[in-house]
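> Just need the structure, nothing else, for what follows:
(2 chains)
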Amino acid sequence: MPRLSDTMEEGAIASWHKHPGDHVEIGDVLVEIETDKATMDYEAYESGTLSEILVSEGATVSIGTPIATLDDGKSAAPATPAAVTSSPASASVVVPEDAPAPLTPAKMAPEPASGRTAPAPATSPGASEHVASTVPRGHDGPFASPLVRRLAREHDLDLSTVSGSGPGGRIIRADLNDLLSETPAPATPRSVSRAPVSSGPIVDEKRASQEITVSKSRRIIARRLSESAQTIPHFFVTAVADVEELMEMRIDLNERALAAGQTKISVNDLLIRASALALREHPEVNASYVSDESTVLLVHNRINVGVAVASRNGLVVPVIVDADRKSTSEISAEAKALAAQANGKGLSIEQMSGGTFTISNLGMYGVEEFTAIINPPEAAILAVGTTTREAVVVGNQVVPRRRMRFTLSADHRIIDGALAAQFLQTLSGIIEHPWRIVAGDA
Amino acid sequence: MTMKTYRQALHDTLRAEMLRDENVFLMGEEIGVFEGSYKITAGLLAEFGEKRVKDTPIAEEGFTGAAIGAAMLGLRPVVEIMTINFSLLALDQIVNHAAKVYGMFGGQAKVPLVIRTPGGGGQQLGATHSQNIELYYAFVPGMKVVAPSTPADAKALLLAAIRDDDPVLFLENLALYNTKGEVPDDDRPAEIGKAKIAREGHDLTLIGYSRMAYIAKNVAETLAESEGLDIEVIDLMSLRPLDRETIVNSVKKTHAAVVLEDDWLTYGIGAEIAATISDGAFDYLDAPVRRVAMAEVPMPYSKVLESAAMPTNDDVVNAIFQTLEAVGRRLKKVGQSHD
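Okay, the predicted model is just below:
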């Protein structure tokens, strides 16, 4: 399993494009791999014949696990497995595995003189070690004791991430200590794993809870969000902006865009650029906390704004790179293209990498205001609500005005309340004087 | 409670049962005038007379068959076969008659027979007189086979065997006759078919019977002191019926097991226990079940070779260590020393 992104720890085989016996040329797409971020084609770096598929479609393995054997015709034994290794950067990507030691048949006859303990073939760890190290790695997953396999079933553990310390690399109960301490122990294992949130006695099968497979990307999202919510000291500051002028301007812009045959600009497109401009004024918000051990924090010179998209394939955050340097129409076109791709074949890892700030907009659902969880390593995320008509005092009169609320979630380790407030003040100022958003646009 | 030897516990129980029930009588070679090869029946001829303590010819098949007939007609014979090795001569009577009568004749006759017989090597008695072949009888439906390891269990199981309406092979052991222990003064029989947790623990289940249960308890206590290990010891007490439930429940708790037997490994009782564990506790095993048994040779006469052939404390300790290492415990190996 190759490492296809920096954060990738395991990958799932989405589909095999080649089948055992197929001839493979350099550059041929061998397999589609689903990583934590995207589904990617993986191309052959060597030519040869695909002799065996070791990981079937849908299965997840950790990086470095052989997923197929490619016979380059050079080895003496045609069936010598070659493995697709983990690093696409290494010079040779298809490397023959260490030639397996010839499988000497284990002695079958018990030895009388030393027959005091069980003869090796069936029960001694030495025997299982021998088998474990020489069997081609085509079996389903790592060797694990029956106890471990049961615990894995009951606690939904992924054994491919566990390295076995038992004889022959067998995963034993002791190897699960870390994993199990993270998993709450089920009181009655079976029923809990089947009905984790059942609110009362299950009366009939149709109304019982059902198991839905959690996708790879959803598991990554779950882990990242938990990490963020648990480790980053979030605080929240809400501001409100008058968007009468912004709305007027958008109508005007879209009339022009329509006439010019361009796509319509959304409120969100305007907010992306407005945020980018506000970040330019407050670079300390466009920053990253490095680690508890680090004596520095990172302030990013480039302003790359991620946009949370509820795509058909799940939550994704495509990034508009250099959003402060792009015109509103450029941003609009790019955002639309990214959203379409997210709903279609999916985004590439590059398209989801490098963000320095994120906007999450639930305004289209009528949400007035909400808070969002920071997308690490970023330091802040803007949660945008809907536009509402409110009674506002202007001068001495109460007038109906359209207003919008947005809440900044900030990492208190590097952003203080005053800075967050100043950032929002700047952002409100830009939104309420919307010509500033388009000023400088080509 | 009274402190007494395994031998004395057997003697006292036989005597008490003869006093309690006049249908109880003894048969066997040299049990009367000579008072028994291992002196279990010492004094009983003098006390109860020839009618109830019968010296027999050297003819195992004959006197075992006679005892079966007596049992079918309502007496409760307790036969002593001098060592289990000689029971081979009575194999047809035991397997084809004692074990079959009740079933083959639709329950018209019961066979409340007890065959007391010691097994065990270590006495330099040679290959034909040092065997542990209780398995031959534990294999046969219709038989019961019990094997006490302590004086108290010897009493409780002998009471149960004599009062049981089925034929019971009562396995003694040459090496246990002189071991001592507290014996209750009551009259409470054991439940045949029930194993005993001789020592509670969580790290590993050590299973044995007869002499190997005795060794198991010693090893477990030693390792508790020297290594801080918490080993659960199961004394099977009964080989047929076998208390599978106690075995399985223990392994479900400890996740690892070592099975000890004084007989040969291949096709042995340890194999039956291992299969029982695999059947009932497969999903709880963290390491393969290991077995410790004697070397697969006819028992040598030479003292050195005989000792080498028999399973020792060190063999048990090493099997325990290997199993615990397989589940991630790191322990130091012991050398070949104390026995």
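> What degree of burial does B:Glu50 show, as a neighbour count?
By other CB atoms under 10 Å in any protein chain shown, 10 other residues sit near B:Glu50. In this view, the C-beta of every residue, glycine as well, is placed from N, C-alpha and C.
> Not counting its neighbours along the chain, what's nearest it?
B:Gly32 (7.2 Å; CB to CB, 6 or more residues apart in numbering or on different chains).
> you'd agree the one you found is in a helix?
No. Read with DSSP: H, G, I helix; E, B strand; the rest coil, B:Gly32 is coil and lies in no helix.
> Surely it touches B:Lys54?
Yes. The pair B:Gly32 / B:Lys54 is scored as a contact, 7.1 Å apart, by CB atoms under 8 Å.
> burial measure for A:His19, as a count.
Residues within reach of A:His19, counting by other CB under 10 Å, total 8.
> and the residue nearest in space to the middle of chain B, what does it touch?
Nearest to the geometric centre of chain B sits B:Ala147, at 2.2 Å (CA atoms, centre = their mean). Contacts for B:Ala147 were tallied using CB atoms under 8 Å, 6 or more residues apart in numbering or on different chains; they are B:134, B:171, B:173, B:209-210, B:236-239.
> of all the residues you listed, which two lie farthest apart?
Farthest-apart pair in these is B:Asn173 and B:Ser238; separation 15.1 Å (CB to CB).
> near chain A, which residues of the stretch 151-300 of chain B?
B:255, B:264-266, B:282-297 (CB under 8 Å from any CB of the partner chain).
> swap the cut-off to 7 Å and go again
B:255, B:265-266, B:282-297 (CB under 7 Å from any CB of the partner chain).
> Quick check, the residue in chain A closest to chain B?
Residue of chain A nearest chain B, by CB to the nearest CB: A:Ala174 (3.1 Å).
> burial of that residue, as a residue count?
Neighbours around A:Ala174, by other CB under 10 Å: 14.
> Could you verify my assumption that it touches B:Gly328?
Yes. Assessed by CB atoms under 7 Å, A:Ala174 is found in contact with B:Gly328 at 3.1 Å.
> residues shared between the contacts of the two?
Both A:Ala174 and B:Gly328 are in contact with A:Ser165, where contact means CB atoms under 7 Å, 6 or more residues apart in numbering or on different chains.
> how about the strands of the stretch 251-400 of chain A, start to end?
Secondary structure of the stretch 251-400 of chain A (DSSP state E, counting those that start in this stretch): strands at A:287-288, A:298-299, A:305-307, A:309-311, A:314-316, A:319-320, A:357-361, A:380-394, A:397-411.
> would you list those strands in JSON lines and tack on mean neighbour count and distance to A:Val438?
Below are the strands of the stretch 251-400 of chain A laid out as JSON lines (neighbours: other CB atoms under 10 Å in any protein chain shown; distance: least, CB to CB, whole Å):
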{"stretch": "strand A:287-288", "mean neighbour count": "19", "distance to A:Val438": "27"}
{"stretch": "strand A:298-299", "mean neighbour count": "14", "distance to A:Val438": "27"}
{"stretch": "strand A:305-307", "mean neighbour count": "26", "distance to A:Val438": "17"}
{"stretch": "strand A:309-311", "mean neighbour count": "18", "distance to A:Val438": "24"}
{"stretch": "strand A:314-316", "mean neighbour count": "18", "distance to A:Val438": "28"}
{"stretch": "strand A:319-320", "mean neighbour count": "24", "distance to A:Val438": "16"}
{"stretch": "strand A:357-361", "mean neighbour count": "24", "distance to A:Val438": "18"}
{"stretch": "strand A:380-394", "mean neighbour count": "18", "distance to A:Val438": "19"}
{"stretch": "strand A:397-411", "mean neighbour count": "19", "distance to A:Val438": "18"}
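> Among the residues of the stretch 151-300 of chain B next to chain A, name the buried ones.
B:255, B:265, B:284-296 (16 or more other CB atoms under 10 Å in any protein chain shown).
> Give me the subset of those residues lying in helices.
Using DSSP state H, no member of these sits in helices.
> Burial check on the residue nearest to A:Glu284 when sequence neighbours are not counted, number of neighbours?
Once flanking residues are discounted, A:Glu284 sits nearest to A:Leu419: 5.9 Å by CB to CB, 6+ apart. With neighbours defined by other CB under 10 Å, the count for A:Leu419 comes to 17.
> Relative to the whole chain's centre, how far out is whichever strand or helix holds A:Leu419?
For A:Leu419, the enclosing helix or strand under DSSP states H and E is helix A:417-432. Distance of helix A:417-432 from the chain centroid (CA atoms, centre = their mean, to the nearest Å) equals 31 Å.
> who's in contact with that helix?
Here helix A:417-432 makes contact (CB under 7 Å, 6+ apart) with A:235, A:237, A:239, A:241-243, A:245-246, A:274-275, A:277-278, A:281-282, A:284-285, A:408, A:410, A:436-437.
> Just the buried subset of those residues, please.
Buried, going by 16+ other CB under 10 Å: A:237, A:239, A:241-243, A:246, A:274-275, A:277-278, A:282, A:284-285, A:408, A:410, A:437, out of these.
> Check what pLDDT the nearest residue to A:Ala391 once chain neighbours are set aside gets.
Spatial nearest neighbour of A:Ala391, excluding adjacent residues (CB to CB, 6+ apart): A:Val398 at 5.1 Å. Here the pLDDT value assigned to A:Val398 is 94.
> Isn't A:Val398 up against A:Glu390?
No. At 9.9 Å, A:Val398 and A:Glu390 do not qualify as touching, with contact defined as CB under 7 Å.
> I figured A:Ala380 hits A:Thr407, correct?
No. In this structure, A:Ala380 is not within contact of A:Thr407 by CB under 7 Å, at 10.5 Å.
> low pLDDT regions in chain B?
Under the criterion pLDDT under 70, the flagged ranges of chain B are B:331-339.
> now the residue nearest to B:Glu50: how far from B:Leu174?
Remark: distance between B:Gly32 and B:Leu174 (CB to CB, to the nearest Å) = 21 Å.
> which of those two has more neighbours?
Higher neighbour count among B:Gly32 and B:Leu174: B:Gly32, with 22 against 19, using other CB under 10 Å.
> How much space separates the more buried one from B:Glu47?
Using CB to CB, B:Gly32 is found at 11 Å from B:Glu47.
> Ok, B:Phe34 next?
In terms of CB to CB, B:Phe34 sits 16 Å off from B:Glu47.
> Could you identify the longest helix within chain B?
helix B:210-226.
> Give me the helices and strands touching it, please.
Judged by 3 or more CB pairs under 7 Å, 6 or more residues apart in numbering or on different chains; DSSP states H and E, helix B:210-226 is in contact with strand B:168-173, strand B:196-199, strand B:204-208, strand B:231-235, strand B:257-264, helix B:313-326.
> How about the stretch 201-339 of chain B: which residue is closest to chain A?
B:Gly328 (3.1 Å).
> tell me the secondary structure for that residue?
Counting by three-state DSSP, the backbone at B:Gly328 sits in coil.
> That one and A:Ile171 touch, don't they?
No. Checked against CB under 7 Å, the pair B:Gly328 and A:Ile171 is beyond contact range at 10.2 Å.
> In terms of packing, which of those two has more residues around it?
Higher neighbour count among B:Gly328 and A:Ile171: A:Ile171, with 25 against 16, using other CB under 10 Å.
> Spit out the contact partners of that one.
Residues near A:Ile171 by CB under 7 Å, 6+ apart: A:142-145, A:148, A:159, A:162, A:164.
> Narrow the residues you listed to just the buried residues.
Buried subset of the contacts of A:Ile171 (neighbour count, 16+ other CB under 10 Å): A:142-145, A:148, A:159, A:162, A:164.
> Perfect, I'm done here.
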